[in-house]
Structure formats: C-alpha cells, structure tokens
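Undergrad: Coordinates for the following, if possible.
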Amino acid sequence: MQDTLLVVNCGSSSLKIALFDKDRQKIASMLAGRLNTPNARFRIGKQRDVTMLPPNTTHREALAVLVNIAQKKGLMPKQPAAIGHRVVHGGETFREAVLIDDEVQAAIEACTSLAPLHNPVNLEGIMATRELFPLVPQVAVFDTAFHQTLPEQAFHYALPQHYYRDWGVRRYGFHGTSHAYMLQQAALRLEQSTAETSIISAHLGNGCSITAIRDGKSVDTSMGLTPLEGLVMGTRSGDVDPGLFDYLQSKGVSAEQLHNELNHSSGLLGLSGQTNDMRTLSDLADQGDQPAQLAIDVFCFRLAKYVAAMMASLNRLDALVFTGGIGQNSARVRQQTVKHLALLGFAIDEHNNDDNGLNRDGRIDCKESRFPILVIATDEERVIAGEAARLAKLN
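TA: Sure, this is the predicted structure:
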C-alpha cells in the first residue's frame, strides 16, 4: 500500500483517477463526469450506479472527493508514492515525461494556446494534487511526446515558415501514450526488441489516430496541430478541405459555429445523424439503416487510406495493430477496413477476428496475409503509472 501510485486524467468535463500497486497492477479506478454542470456525478470502477456531486463541482473539488473516498475505502494511503498526470499537449518543449516543478507547470501553461480545451484542465489536476500532496513526486506524461521523433517532412505543414517559427504551427500528433504501449506490446508478441520493431498502430475510440512506428520511433501520425486532423472519429470530422471554411462562411456559418460542429457534431455522429457509438451503428446497419451504414463505410475507408499512407514512412512492416474501444471490439470495422487493403497483401482470419484474436494472443491475420495483424488492449494509465514510478525512482 505504501508504494501506491495515483494516476490523474482530467478531461474537459471529466476526471478519472486510477490506483496501482508497486507491481503496476490496477487496484481501483473512479470517474467523475459532467463537472462544472448541475448534473456532476461520479462512479467507482465499472459500476453503472452513479453518485451525484454538488451542482457545478469543479475538477479540484471532484479530485478531493475521489481521493477522500479512496482513502476511506483503504484503496490508497494518506500519501501516494508518486502521482502521474496525463497532459495532452507538450508542444516542442517536452520530448518525454518529466517531474513536475514550478518551472514545468509554467511551461505546460505556456502550451495552452495549442490545446485550449485540454491543457487548462490538465493543469487543474496538477495544481490540485500539488496542494493535496505537496511532498509527493509528481510526473507529467504528454500525449505529444512520443511523436517528437517525427522527421521534418512529416511534421511541417506547407505554410509560410514564419507560422512555425513564430507560433509553433506544425503537426504534433496525439494518443502518444497509447501508441507507445502498442509498440511495447507488439514487440513482446513478435519476440523482438522495441528498437527493431516497425508497426502501424491504429488507436480507434471516440478519438482516433494512426501512427507509423519505424524501429521503435514515431515517424508519421494522423493527428496534427490539434486532435481534429486525420481519421473520422466519434464526433470529430477528421480531414476536411480548408476551403470549407470560406464556403460555409458565405452561407452564414460563423467560424465559432463551424469549429464547434467539426469537433462535436461531425464524424460518426454527423454522418449517421443519430449516434457516435459504433456498437449502436452496427446494430442499426444490420437493420438496414442506410445513414448508419454510410457512417461505418466512410470510417473504414478513410482508415484504410491512412493505413496505406503510413506505409510510405516505413522500410518494413512487422504488424498492423488495432486498439482503442472500436479497434479492440469491432470485428466489423477491422474486417471492412482490411478488405480495402487486399492489394497490399493484408488478409484476416474471420474466426479469429470475430473473437478479437483472443485464441491467438491477439493475432487475427490468416496464413495468406502478407503482414501480421494484431488486436491489443491499450492501457495508457499503466504507462503513466510506470513513468511516474520511473521518474520518482521507485523501481
């Protein structure tokens, strides 16, 4: 219990904490949601029952409540051994996880303009835990850090260079913690070192991104300056023609409205007009619902195009890896996506795909496939806990 690690993940309206023991095994998790609204609430673990919080509970207040409950239930001691924080954007300042001090906190705040919806709430979690546990080492783990190995040809936009020099406008990439975990796990399954492993990692959830990893390093990824670029996602559009902005402005759509709709009303939700949940869309498509089928078709086609594009950054491919809620659980999405890649030699074993590769240690490719295809459950919280332990010198 004395070596308990606390992982804090603040979202725009949510707060998730997870507790790990000295062997990095998860002890418990809690989720507070709808924060800063009249319907703030929390739940413990995977329980469906929720407990209401006072109206308009803030991230700091919710964190204090969850920590207090964890301590009363004997899930964590008065002082955790170390605390790890997920931070969405580290700009070009942070290439790896770091111990948090006043200087680091200020540097994270300086990156706020690059992630105005995320970094401020990440900082709320950091400031709250530094107040609660001032003597405990705390570590920031950045979504963008893993992608700091992108070569210039992959991270530059074809824009006037002063945009990059003056304002840091470039492609940063996200979901780096998940993609780094995919690298580690794929290397284990392939029985080779991470430094000699080259994969294409597809993280598919409500947010989606794909990354080309060559010899253990990220060399291309689908998300860019913000998490909006790239694949079709749950409510985000992914790639659109920049000319769309001028065109819709001429129709009376403001920049603020379009920004909101591209992030919150597009993607699977926008295409289907009904939901961003892939399970529900699959059920609707089976019932003959055409908008639902269209949403799935566009999602899979765009994903397949990005898989093919990622191969341009590799000199060999050891495996195509699927992860995230959709990537791990939707046999339909994997099968439909891989069908588009037949010319490149990808092929799925339908039986193993249907059970998510559970009988073959995640392998779902058939013997005719030119490349291995893996399904691996992501565990970003475990990675954050491991980084916290490493930098706090608990290993």
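Undergrad: now the strands for this structure?
TA: 5-10, 15-20, 26-33, 41-44, 51-52, 82-87, 98-99, 138-142, 199-204, 208-214, 217-221, 319-323, 373-375 (DSSP state E).
Undergrad: among those, which is nearest G125?
TA: strand 5-10 (4.0 Å; Cβ to Cβ). The C-beta positions use only the backbone N, C-alpha and C, and glycine is treated the same way.
Undergrad: hang on, the earlier thing: go through the strands of the chain and name the closest to P151.
TA: Short answer: strand 217-221, nearest of those by Cβ to Cβ, at 6.3 Å.
Undergrad: Kindly provide the distance from H162 to G168.
TA: 11 Å (Cβ to Cβ, to the nearest Å).
Undergrad: one step back: what's the closest of the strands of the chain to I296?
TA: Per Cβ to Cβ, nearest to I296 of the strands of the chain: strand 199-204, 12.1 Å.
Undergrad: contact partners of the closest one?
TA: 175, 178-179, 182-183, 186, 208-213, 231, 303, 307, 310-311, 314, 317-327, 330, 333, 378 (Cβ atoms under 8 Å, 6 or more residues apart in numbering).
Undergrad: Distance from it to the middle of the chain?
TA: In terms of Cα atoms, centre = their mean, to the nearest Å, the centre of strand 199-204 is found 11 Å from the chain centre.
Undergrad: Who are the contact partners of V219?
TA: 149-151, 154, 212-213, 313-314.
Undergrad: and with 7 Å instead?
TA: 149-151, 154, 212-213, 313 (Cβ atoms under 7 Å, 6 or more residues apart in numbering).
Undergrad: Pull the residues that contact the longest helix along the chain.
TA: In the chain, taking DSSP state H as the definition, the longest helix is helix 290-310. Identification of contacts with helix 290-310 by Cβ under 7 Å, 6+ apart yields 200, 202, 210, 212, 220, 222, 231-232, 238, 268, 271-274, 281-282, 284-285, 320, 333, 336-337, 340-341, 344.
Undergrad: swap in stretch 154-168?
TA: With Cβ under 7 Å, 6+ apart, stretch 154-168 has contacts from 91-92, 114, 169-171, 219-220, 313.
Undergrad: In CSV, could you pull the C-alpha coordinates for it?
TA: Output of stretch 154-168 as CSV, limited to C-alpha atoms (Å, rounded to 0.1, in the frame of the first residue of the first chain):
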residue,chain,number,x,y,z
ALA,A,154,6.2,14.6,-41.6
PHE,A,155,5.6,17.4,-39.1
HIS,A,156,5.8,20.5,-41.3
TYR,A,157,2.7,22.0,-43.0
ALA,A,158,3.2,23.6,-46.4
LEU,A,159,2.6,27.0,-45.0
PRO,A,160,4.8,30.2,-44.8
GLN,A,161,7.6,29.2,-42.4
HIS,A,162,7.0,32.1,-40.0
TYR,A,163,3.8,30.3,-38.9
TYR,A,164,6.1,27.6,-37.5
ARG,A,165,8.8,29.9,-36.2
ASP,A,166,6.6,32.5,-34.6
TRP,A,167,3.6,30.4,-33.4
GLY,A,168,4.6,26.8,-33.4
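Undergrad: Same question for that stretch: list its buried residues.
TA: For stretch 154-168, a neighbour-count test (16 or more other Cβ atoms under 10 Å) marks 154-155, 164 as buried.
Undergrad: repeat for stretch 140-158
TA: 140-148, 150, 154-155.
Undergrad: Next: stretch 114-121.
TA: So stretch 114-121, judged by 16+ other Cβ under 10 Å, has buried residues 114-115, 118-119, 121.
Undergrad: gap between the two ends of it?
TA: End-to-end span of stretch 114-121 (Cα to Cα, to the nearest Å): 13 Å.
Undergrad: Return the distance of it from the chain's centre.
TA: 15 Å.
Undergrad: what's it in contact with?
TA: 10-12, 59, 87-89, 91, 108, 111-112, 168.
Undergrad: Of these, which pair is most distant in space?
TA: Pairwise over the contacts of stretch 114-121, using Cβ to Cβ, the maximum falls at H59 and G168, 26.0 Å.
Undergrad: what's the neighbour count on K339?
TA: Using other Cβ atoms under 10 Å, K339 is surrounded by 13 other residues.
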